[in-house]
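Colleague: Fold the following.
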Amino acid sequence: MTHHILKATRDTVHLGGFSDLLAPVLTIDSGDTIDVETYTGYYVHDQAPPEFLTPELRDICQNLAPERQVARGPHLLTGPIYVRDAQPGDVLEIELQAIAPSLPVGFNAIRSGWGALPQQFTQPALRFIPLDLAHNIAEFPANSGIKIPLKPFFGILGVATPENTRNSIPPGNYGGNIDNRQLQAGSRLFLPVFVPGGLFSLGDGHSTQGDGEVNVTALETSMNGKIKLTLRQDLQLTIPIAETPTDIITMGFAPTLDTALELAVNNMIDFLKRFANLSPEDAYVLCSLAVNFHITQFVNSPQKGVHGMLPKSILSNQICI
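Modeller: Residues are numbered from 1 along each chain as shown. Next comes the predicted model:
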């Protein structure tokens, strides 16, 4: 196994979406690890304070080639990464070994027409918020005494699909803009592979976020991480699942929260049938007794997200994915 370093430059990032037409910026073997760098803030860089706008980010924002501007989403993604021997029908395991902000500042933005309350908060608003990395907190509002613990994660973890281009805003069975705050260091995400090599990209760093991400953005932050990518030809999945140190997570993405919840519940039932040998009815009952369902995000139009969390502590036999 080999360890790689993948810096974020105008040659290794892409903007706004996923595409199977993008050439890989890194080719690895299954089981390799990668130190990966991500940037955020492409569309707000001209309003950013100096500590946010590094020379590398400025170069990306000013000189990113048109062919690397994939779609109209706002996200800068590092990748794609090609995993040798990965083929459609396989599963890619992403082990998130380390995640940390690379800069002492992030931003939050309200966008007109977006969010949970678009008729109430109609004016765009941009805030740059300092991060106290020494104490792992962000105080907001400034001087309020409200100190939010930093719990960094990558909002976007996804693979390419055969549609040629796909906007980075909505999540789906390919992963993408999942915005699940549970996917912190120590977690694993399992994604179906749709094209040769998988073509995995990541970005959209969040230093902290509440379930729902109700005003459209979290505390958006340039982020560094260490990941391990493993090809799992022993698994068959059509939707993402995840595992944290404490929970198994299933997901549902749909235009309404009702449908997203139904999908997340059905996906948990399918998981319990396959990995815990439960009948469908017993699995359904267990979902009602012990699985916690959360609004992942409400704002990544046209797909809302719900995730179910099954505590591993209730299982007498360890489930191995």
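Colleague: Do a quick rundown of the helices in the stretch 201-321 of the chain.
Modeller: For the stretch 201-321 of the chain, applying DSSP state H, counting those that start in this stretch gives helices covering 257-275, 280-290.
Colleague: elements contacting the longest one?
Modeller: For helix 257-275, the elements it packs on are strand 247-254, helix 280-290, strand 292-297, strand 304-311, judged by 3 or more C-beta pairs under 8 Å, 6 or more residues apart in numbering; DSSP states H and E. Bear in mind the C-beta positions are built from the backbone N, C-alpha and C, glycine included.
Colleague: Same question for the last one.
Modeller: Packing partners of helix 280-290 (3+ C-beta pairs under 8 Å, 6+ apart): helix 257-275, strand 304-311.
Colleague: Alpha carbons of that helix, in CSV - could you do that?
Modeller: Presented in CSV, the C-alpha positions along helix 280-290 are these (Å, rounded to 0.1, in the frame of the first residue of the first chain):
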residue,chain,number,x,y,z
PRO,A,280,-38.6,-7.4,7.4
GLU,A,281,-41.3,-7.0,10.0
ASP,A,282,-38.8,-7.4,12.9
ALA,A,283,-36.5,-4.9,11.2
TYR,A,284,-39.4,-2.4,10.9
VAL,A,285,-40.3,-2.8,14.5
LEU,A,286,-36.6,-2.3,15.5
CYS,A,287,-36.5,0.9,13.5
SER,A,288,-39.4,2.2,15.6
LEU,A,289,-37.9,1.1,18.9
ALA,A,290,-34.2,2.0,18.5
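Colleague: In it, which residues are buried?
Modeller: 283, 284, 286, 287 (16 or more other C-beta atoms under 10 Å).
Colleague: Might one say that the last one is in contact with residue 281?
Modeller: No. Look at residue 287 against residue 281 with C-beta atoms under 8 Å: they stay out of range, at 10.7 Å.
Colleague: that older thread, and the helices and strands packed on helix 257-275 as a markdown table, adding mean pLDDT and distance to residue 21?
Modeller: Output for the helices and strands packed on helix 257-275, formatted as a markdown table (pLDDT from 0 to 100; distance: least, C-beta to C-beta, whole Å):
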| stretch | mean pLDDT | distance to residue 21 |
| --- | --- | --- |
| strand 247-254 | 98 | 24 |
| helix 280-290 | 98 | 40 |
| strand 292-297 | 98 | 27 |
| strand 304-311 | 98 | 27 |
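Colleague: Out of the ones you listed, which is closest to residue 154?
Modeller: The minimum distance between residue 154 and those falls on strand 292-297, with 13.7 Å, by C-beta to C-beta.
Colleague: CA atoms only for that closest one, dumped as CSV, please.
Modeller: Output of strand 292-297 as CSV, limited to C-alpha atoms (Å, rounded to 0.1, in the frame of the first residue of the first chain):
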residue,chain,number,x,y,z
ASN,A,292,-33.0,7.5,15.4
PHE,A,293,-33.9,9.3,12.2
HIS,A,294,-32.6,12.9,11.5
ILE,A,295,-33.0,15.5,8.9
THR,A,296,-29.6,15.5,7.3
GLN,A,297,-30.2,18.6,5.2
